[in-house]
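> model this:
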Amino acid sequence: MTTIGIIGGGAWGTALAQAQATAGRDVVLWAREPEVVNDINAEHQNNMFLPGVKLDSKIHATTDYEDVIEPDILLVVVPAQHLRKTLKDIADLEGKQLVLCAKGIEIETGDLLTEIVHNLTGLEASVLTGPTFAAEIARGLPCAVTIASATMDEARALSNALGSKTFRPYASDDRISAELGGAVKNVLAIACGIAAGKKYGDSARAALLTRGMREMIRLATKMGGKPETLMGMCGLGDLVLTANSMQSRNFSLGVALGEGKSLDEILSARNSVTEGVHTARAIAKLTEKYGLDLPIIQGVDAMLHQGRSADAVIQDILSRPFADE
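Residues are numbered from 1 along each chain as shown. As a prediction, the model looks like this:
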């Protein structure tokens, strides 16, 4: 029987563990918090991060990295800004197949997560990303994702190893677009949430989604990705989900900002990472590096990290010259 290792015991890591276990695979899940480990092993639940979901008994939780790196396939689900430290903490990953399941870009370096893995370990990590909410996947509801690897053969092999009737991967060899789609959509979801919080209407949100998709494609193309990849689960699919639901931490944060709450006030009430807050800063740096004009993404960064008001940023965007399609 295949055993899957999962590094990260938050909502998404737990949901992936449940999806793999219900597909008949043994799962070893590493979590930092002893209470999460005890909860999963003794009660088959994760009340801290995924309450209300009964977990499969084939999931074994641990706080010891040595236990979780025994399997050949490792799903890495730690937040993007903690990936580098986590990899340094793990003694030996030689021969392991890493699949990155978090979404984001490292702020300090501007590195994609696959670049961090390669620089630290020499491994060519794959990417699992797409339109998914943890609570739905943990309950066994159907979904589709992108699995992107260095080669199509590897992506297809991982799709067969991780897929099931309800967890349906689509294989790709375009890791750049897969990573950027998952990262950029979080920033765009914040923008759409702000528009919703300010009650600008569905037409405005549709415009933000469409122009935001254009910004995503421009950045990915500049960095070597393929526009057609972003029309799949990792780009358009993920954006449509994340920018239209209060289940999305990024969209709901945007709504709260649009309603007048401060960023500190919103984040202090949460026990999980809202990755788009970090990613906005990282992508803004990339726009400077590549000389790109991405007004929605840059506007979100200005609101979150440069002290500009939402109203001022919105007026800047609405005052831009008319452009060709």
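
> ok, the most centrally placed residue in the chain - contacts?
Nearest to the mean C-alpha position of the chain, by C-alpha atoms, centre = their mean, lies K103 at 2.7 Å. K103 is in contact with A80, T129, E179, G182, A183, K185, N186, E275, T279, counting by C-beta atoms under 8 Å, 6 or more residues apart in numbering. Bear in mind the C-beta positions are built from the backbone N, C-alpha and C, glycine included.

> and if we set it to 7 Å?
A80, T129, G182, A183, N186, E275 (C-beta atoms under 7 Å, 6 or more residues apart in numbering).

> now the closest residue to it other than its chain neighbours: which helix or strand?
Distances taken as C-beta to C-beta, 6 or more residues apart in numbering place G182 nearest to K103, at 3.6 Å, with adjacent residues excluded. Assessed by DSSP states H and E, G182 sits inside helix 175-197.

> gap between the closest residue to Q97 other than its chain neighbours and L123?
Leaving out its chain neighbours, the residue that sits closest to Q97 by C-beta to C-beta, 6+ apart is I73, at 5.0 Å. Distance from I73 to L123, counting by C-beta to C-beta, to the nearest Å: 12 Å.

> same question, R205
From R205 to L123 the distance is 39 Å (C-beta to C-beta).

> sorry, back to before: now do the helix holding G182: distance to the chain's middle.
9 Å (C-alpha atoms, centre = their mean, to the nearest Å).

> could you do stretch 283-292 as well?
Centroid separation between stretch 283-292 and its chain, computed with C-alpha atoms, centre = their mean, is 20 Å.

> CA-only coordinates of that stretch in PDB, if you can.
Provided in PDB are the C-alpha atoms of stretch 283-292 (Å, rounded to 0.1, in the frame of the first residue of the first chain):
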ATOM      1  CA  ILE A 283       4.800  40.300  -6.400                       C
ATOM      2  CA  ALA A 284       5.200  44.000  -6.200                       C
ATOM      3  CA  LYS A 285       8.900  43.500  -6.000                       C
ATOM      4  CA  LEU A 286       8.800  41.200  -9.100                       C
ATOM      5  CA  THR A 287       6.900  43.900 -11.000                       C
ATOM      6  CA  GLU A 288       9.800  46.300 -10.300                       C
ATOM      7  CA  LYS A 289      12.300  43.600 -11.200                       C
ATOM      8  CA  TYR A 290      10.700  42.900 -14.600                       C
ATOM      9  CA  GLY A 291       9.500  46.400 -15.300                       C
ATOM     10  CA  LEU A 292       5.800  45.500 -15.400                       C
END
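
> buried set for it?
Buried residues in stretch 283-292, counted by 16 or more other C-beta atoms under 10 Å: I283, A284, K285, L286, T287, L292.

> point out where the stretch 201-325 of the chain drops to low pLDDT.
By pLDDT under 70, the stretch 201-325 of the chain contains no weakly predicted segment.

> quick one, helices of it?
202-222, 238-242, 249-258, 263-268, 275-290, 295-305, 310-318 (DSSP state H, counting those that start in this stretch).

> cool, and the stretch 51-200 of the chain?
Going by DSSP H, counting those that start in this stretch, the stretch 51-200 of the chain shows helices at 65-68, 83-89, 113-121, 134-138, 152-162, 175-197.

> looking at those, which is buried most?
Among the helices of the stretch 51-200 of the chain, ranked by average contacts under mean count of other C-beta atoms under 10 Å, first place goes to helix 175-197 (a mean of 29).

> by contact count, what packs against that helix?
Contacts defined by 3 or more C-beta pairs under 7 Å, 6 or more residues apart in numbering; DSSP states H and E place helix 175-197 against helix 113-121, strand 126-129, strand 143-148, helix 202-222, helix 238-242, helix 249-258, helix 275-290, helix 295-305.

> a markdown table for these, including distance to G163?
A markdown table is the format used below for the helices and strands packed on helix 175-197 (distance: least, C-beta to C-beta, whole Å):
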| stretch | distance to G163 |
| --- | --- |
| helix 113-121 | 21 |
| strand 126-129 | 11 |
| strand 143-148 | 8 |
| helix 202-222 | 25 |
| helix 238-242 | 18 |
| helix 249-258 | 26 |
| helix 275-290 | 25 |
| helix 295-305 | 32 |
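
> need the winner for burial among those.
Mean neighbour counts were compared across these using mean count of other C-beta under 10 Å; the top stretch is strand 126-129, at a mean of 28.

> CA-only coordinates of it, as CSV, when you get a sec.
Taking Å, rounded to 0.1, in the frame of the first residue of the first chain, the C-alpha atoms of strand 126-129 are listed here in CSV:
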residue,chain,number,x,y,z
SER,A,126,6.4,19.3,-8.2
VAL,A,127,3.5,21.7,-7.5
LEU,A,128,-0.1,20.7,-6.5
THR,A,129,-2.5,23.7,-6.8
